[in-house]
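Chemist: fold the following and give me the result.
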Amino acid sequence: MDVASLSAIAPSALWSALGRCGRPVAVAHTLQPLRPQAGWFRTEISPYPVRLAAQGVDLMLQCINPDAPEPERLWGLNSWTSSTGSGTSTTFQDLAKVFGEPLLNVDRMAIFEAADEQGRKWCAHCQLDDRKSLQALTIMRQGAWLPFPEAGKAQTDAAPPPAVTQAPPPVEAPVAVTCKSYGTVPKTGWYEGRVPPDHRSHRYLSQAPGRFAYMKEGARMLSLGVVPLADEALVVWTWLREK
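Modeler: Sure thing, here's the model as predicted:
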């Protein structure tokens, strides 16, 4: 799946940047077609949102290696949400042609997992209306980060030039924030509950809408509803995003 096949759903700059990491100038170079406002990029080590009002898009930027010295830190686009999608011009059938068979398709929600030709993986959360037309779309990266293509050229074209012009190597994702069923929620945001792949209910529960939950830090985590009840101890809830 290449970027061209996705451009009918959202601007190609969003797909190009998703799941890639690099110096601030490389991130800015790739997202420049979206015309973000001045001062949109901040060197914060915690994930933070960026609102692109003109496009109706919210980005979630993340520092990949916050423990590194500031000159060596890398940033990437972890996820993005379009509140308008493509209006009524994009339908569930259009999404299925691009992403393939959905993991979940129930009521007004569909969830897909997909990958491109470079091996980047992502999860697509789609909100639909009664006619199965796209109303909102959230794309979250999965797996390892990849460097921005031609990062050296992107950084050379920017000012001031960075100290390192070579593309950074792939960086493994940070340690996931997780919680057990009935445990204390460590961080506010959306969580996904999963059972081990060899569990007899794995296929069903990996597609169940109830596996997603928005929880506040310090609250008691929900149960996933595993049968038998003793197997609830096998469930791991993984933090996805804040909003």
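Chemist: so which helix or strand of the chain has the lowest pLDDT on average?
Modeler: Least confident element among the helices and strands of the chain, by mean pLDDT, DSSP states H and E: helix 151-157 (a mean of 42).
Chemist: and the next element down the chain from it?
Modeler: Next along the chain after helix 151-157, taking DSSP states H and E as the criterion, comes strand 178-180.
Chemist: roughly how far apart are the most centrally placed residue in the chain and D130?
Modeler: Of all residues in the chain, the one closest to the mean position by CA atoms, centre = their mean is M140, 1.6 Å from it. Relative to D130, M140 is positioned 26 Å away (CB to CB, to the nearest Å). Heads up, the C-betas are built off the backbone N, CA and C, glycines and all.
Chemist: and Q118, that's in a strand?
Modeler: No. Read with DSSP: H, G, I helix; E, B strand; the rest coil, Q118 is coil and lies in no strand.
Chemist: who's in contact with it?
Modeler: Contacts for Q118 (CB atoms under 8 Å, 6 or more residues apart in numbering) come out as L146.
Chemist: roughly how far apart are it and L229?
Modeler: Using CB to CB, we find Q118 at a distance of 43 Å from L229.
Chemist: again with L59
Modeler: For L59, the distance to L229 (CB to CB) stands at 41 Å.
Chemist: domain ranges for this structure?
Modeler: The chain breaks down into these domains under automatic domain parsing: 3-157, 178-241.
Chemist: can I assume E192 sits in a helix?
Modeler: No. Looking at E192 with three-state DSSP, it is strand, so not inside a helix.
Chemist: does it touch V236 like I think?
Modeler: No. Counting by CB atoms under 8 Å, E192 does not reach V236; the two are 9.2 Å apart.
Chemist: which stretches in this structure count as strands?
Modeler: For the chain, the strands defined by DSSP state E cover 20-22, 48-52, 57-63, 75-82, 104-106, 109-115, 121-128, 134-142, 146-147, 178-180, 189-194, 212-215, 236-241.
Chemist: what sits up against the third one?
Modeler: Looking back up the chat, that one is strand 57-63. By CB under 8 Å, 6+ apart, the residues outside strand 57-63 that reach it are 10, 14, 27, 31, 34, 41, 43-52, 73-83, 241-243.
Chemist: and if we set it to 7 Å?
Modeler: 14, 44-45, 47-52, 73, 75-82, 241 (CB atoms under 7 Å, 6 or more residues apart in numbering).
Chemist: then the longest one?
Modeler: The list of residues contacting strand 134-142 from outside it, by CB under 7 Å, 6+ apart, reads 10, 18-19, 78-83, 85-86, 90-91, 95, 120-129, 240-241.
Chemist: so where is the chain shaky, pLDDT-wise?
Modeler: 1-5, 84-88, 150-175, 243 (pLDDT under 70).
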